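Enquirer: what's the 3D shape of this:
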Amino acid sequence: MAIQSKITVHPLASSTIDFGAEIRHADLENITPSDFEVIRRALYENQVVIFKNQQHLPPSAQYELTRLFDPTVQSYGHGKTLDAKKSILHPDLKTIPHQPQVQVIGNGPVAEFEGLKDITLKHPHHRTFHRDVISDEDDRESTRFYRWHIDAALYDLHPPRVTSLMAVQVPKTEYQTLRYDDGSDDELRVPRGSTVFVSSYRMYDLLSEEDKHFARTTRVQYAPHPYIWMSGAKSKTDGLGLLSEGLELPYEQLPPIEQEKVKILPMCWRNPVTGKLALQVHPSAVEKLHLEDGTVIDDLAEVRRIVHRLQRPGIAPELVYAVDWEEGDLALFNNHGVLHSVTGSFKPEEVRVFRQCNLASSEAPLAPVEIAA
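Expert: Numbers count the residues shown, from 1 in each chain. Next comes the predicted model:
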């Protein structure tokens, strides 16, 4: 007789957001096969799941939970990207010495944490990545989506299936108004430093039938060493892709490029449990589009215009899930089915500590039937 799991799943109650759930009664240091089946199904049906009161969970258990979704892999999802000084990811992450697949992110001075000593964490602020920024006077009241993205190297390595994010220390401060500043009146109130998510399945469902066919049959080519390539470019005000000002680094200024490591991935990724399609594109890293008829769109401004037009409806304020972090929250999210972004700003002395883990997948994302066939 099979042992039934005691884990329960409680979907987020919202009239406009159709994803997100809390998982209760899970012992994440002693996950049985039946427990994992419940967690896995809950993740792929809800895309973002949160376990409360996990303050005791060590980095090793966070890593093991993340690895259960792809047991044959071990390497961190961004590979050696973090080692490149020009990479836009370089300042934001520190590696835990005894568990190198787990990174530390946050803000402020930390005397000691998991073997790291006298480190200073820096919360990403939109003024370091956006061309047009919120004034200093409004910075405490207002914020932006820093960068909508998926967690992935997008060169050589396959995109991680899941990411786990653990809130270790959280300064609870007031809410901010998140402004799109894109010619619309769109805005929403978010807790300071909230991680925000949107469903890429909803993003696909919002498309016209013509655009759905385009998305199902198009492949996206990402720039080689994309986080170095984009290091001089600036973001749109809504955080959904880059402005085309010719500021990307030329290939000759990038590390050596191996053509077989350049990623060309489907524009839509298929959910392994529900079969639903996600419009899953990293808008800042995209370089070319390969169409159904063999045509390649390589005009970067046009590629970005197309991707932005397809994705923008999916980040409407009523579709954004803004996590109000509490210490001990552990979030797991389906990195093949959501986009997410940092928000907010903190004073240099405000200490915030999170642990993040994702692992490069052993396989490419599941493609739509039209491409998979």
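
Enquirer: which ones are touching residue 103?
Expert: Residue 103 makes contact with 76, 82, 93, 94, 95, 96, 355, 356, 357, according to CB atoms under 8 Å, 6 or more residues apart in numbering. Glycine gets a C-beta too; all of them are placed from N, C-alpha and C.

Enquirer: what's the burial count for residue 275?
Expert: 9 (other CB atoms under 10 Å).

Enquirer: residues near residue 105, how many?
Expert: When counting by other CB under 10 Å, one arrives at 18 neighbours for residue 105.

Enquirer: now do the contacts for it.
Expert: Neighbouring residues of residue 105 by CB under 8 Å, 6+ apart: 92, 93, 94, 121, 354, 355, 356.

Enquirer: go again with 7 Å.
Expert: If you count contacts by CB atoms under 7 Å, 6 or more residues apart in numbering, residue 105 has them with 92, 93, 121, 354, 356.

Enquirer: what's the pLDDT at the second one?
Expert: At residue 93, the pLDDT value in this model is 76.

Enquirer: picking that back up, the contacts of residue 103: which two are farthest apart?
Expert: Of all pairs drawn from those, the greatest distance, 15.1 Å, lies between 82 and 355 (CB to CB).

Enquirer: would you mark the buried spots in the longest helix belonging to the chain?
Expert: Scanning the chain for the longest helix, with DSSP state H as the assignment, gives helix 33-46. By neighbour count with 16 or more other CB atoms under 10 Å, helix 33-46 contains the buried residues 35, 36, 38, 39, 40, 42, 43, 44, 45, 46.

Enquirer: tell me how far the last one lies from residue 365.
Expert: This points to residue 46. Here residue 46 is placed at a distance of 19 Å from residue 365 (CB to CB, to the nearest Å).

Enquirer: among the contacts of residue 105, name the buried ones.
Expert: Buried among these (16+ other CB under 10 Å): 92, 93, 121, 354, 356.

Enquirer: let's have these in JSON lines, adding secondary structure.
Expert: Listed next are the buried ones among the contacts of residue 105 as JSON lines, based on DSSP: H, G, I helix; E, B strand; the rest coil:
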{"residue": "92", "secondary structure": "helix"}
{"residue": "93", "secondary structure": "coil"}
{"residue": "121", "secondary structure": "strand"}
{"residue": "354", "secondary structure": "strand"}
{"residue": "356", "secondary structure": "strand"}
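
Enquirer: of those residues, which is the nearest to residue 274?
Expert: Of the buried ones among the contacts of residue 105, the one sitting nearest to residue 274 (CB to CB) turns out to be residue 356, at 25.7 Å.

Enquirer: one step back: higher neighbour count, residue 82 and residue 355?
Expert: Between residue 82 and residue 355, residue 355 has the larger neighbour count (other CB under 10 Å), namely 24 against 18.

Enquirer: surely the more buried one and residue 169 touch.
Expert: No: counting by CB atoms under 7 Å, residue 355 stays clear of residue 169, with 10.5 Å between them.

Enquirer: so which bits of stretch 134-151 are buried?
Expert: 134, 139, 142, 143, 144, 145, 146, 147, 148, 149, 150, 151.

Enquirer: which strand or helix spans the closest residue to the second one other than its chain neighbours?
Expert: So that's residue 139. Distances taken as CB to CB, 6 or more residues apart in numbering put residue 345 closest to residue 139, at 5.7 Å, once the chain neighbours are dropped. For residue 345, there is no enclosing helix or strand under DSSP states H and E.

Enquirer: just checking, residue 157 touches residue 358?
Expert: No: here residue 157 lies out of contact with residue 358, judged by CB under 7 Å, at a distance of 10.6 Å.

Enquirer: looking at these two, which is more packed in?
Expert: Taking other CB under 10 Å, residue 157 and residue 358 do not tie; residue 358 has more neighbours (27 against 21).

Enquirer: number of nearby residues for the nearest residue to residue 20 once chain neighbours are set aside?
Expert: Leaving aside its chain neighbours, residue 20 sits nearest to residue 12 (3.6 Å; criterion: CB to CB, 6+ apart). Counted by other CB under 10 Å, the residues lying close to residue 12 total 15.

Enquirer: next one: phi and psi at residue 12?
Expert: phi -60, psi 130 (degrees, to the nearest 10).

Enquirer: so it makes contact with residue 21?
Expert: Yes: using CB under 7 Å, residue 12 is in contact with residue 21, at 6.0 Å.

Enquirer: now do the helices in the protein.
Expert: Secondary structure of the chain (DSSP H): helices at 33-46, 59-67, 200-205, 209-217, 226-229, 300-311, 369-372.

Enquirer: just to revisit the earlier point, can you give me the neighbour number for the residue nearest to residue 139?
Expert: Residue 345: 22 neighbours (other CB under 10 Å).

Enquirer: tell me the spacing between it and residue 195.
Expert: Counting by CB to CB, the separation of residue 345 from residue 195 is 14 Å.

Enquirer: next: residue 284.
Expert: Distance, residue 284 to residue 195, using CB to CB: 17 Å.

Enquirer: between these two, who's got more neighbours?
Expert: residue 284 (26 against 22).

Enquirer: contacting residues for the residue nearest to residue 139?
Expert: 123, 125, 139, 143.

Enquirer: for the second one, what are phi and psi?
Expert: Recorded main-chain torsions at residue 125 are phi -110, psi 140, according to degrees, to the nearest 10.
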